[in-house]
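Chemist: how would this look folded up:
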Amino acid sequence: MQNTPIRKTRIRTIREAIVLLKLADSQTAVTYHFIRKLCDSGCIKSIRAGKKILINYDELLAYLNLDIDEAC
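Modeler: The predicted structure is shown next:
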């Protein structure tokens, strides 16, 4: 059995993701509504837990780094 590092998935609520984005870039224009629309349209995977929407933060970052032609 190999000792491969286990990659932890960073699951966050939309509000937590926005806080992390603001820490990385205080001038970001990404909003709660924008991320929610990405979830609703299926551009990024999401999970509903009651009223909360959980997203994979790394997947959100990957989506934001796409070229315009590659976006969904």
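Chemist: so the most centrally placed residue in the chain, which of the three states?
Modeler: Centroid check for the chain by C-alpha atoms, centre = their mean gives L60 as the closest residue, at 2.8 Å. The three-state label given to L60 by DSSP: H, G, I helix; E, B strand; the rest coil is helix.
Chemist: That one touches I14, doesn't it?
Modeler: No. If you go by C-beta atoms under 8 Å, L60 and I14 don't touch, sitting 9.1 Å apart. Every C-beta, even on glycine, is put in place using the N, C-alpha and C of the backbone.
Chemist: what is in contact with these two at once?
Modeler: With contacts taken as C-beta atoms under 8 Å, 6 or more residues apart in numbering, L60 and I14 have I35 as neighbours in common.
Chemist: follow-up on the earlier one: tell me the spacing between the residue nearest to the centre of the chain and T9.
Modeler: As for L60, its distance to T9 is 12 Å (criterion: C-beta to C-beta, to the nearest Å).
Chemist: picking that back up, contacts only, for the residue nearest to the centre of the chain.
Modeler: A17, I35, L38, I44.
Chemist: what's the nearest residue to L21 if we skip its chain neighbours?
Modeler: T28 (5.1 Å; C-beta to C-beta, 6 or more residues apart in numbering).
Chemist: Kindly report the same for R48.
Modeler: Spatial nearest neighbour of R48, excluding adjacent residues (C-beta to C-beta, 6+ apart): L54 at 7.6 Å.
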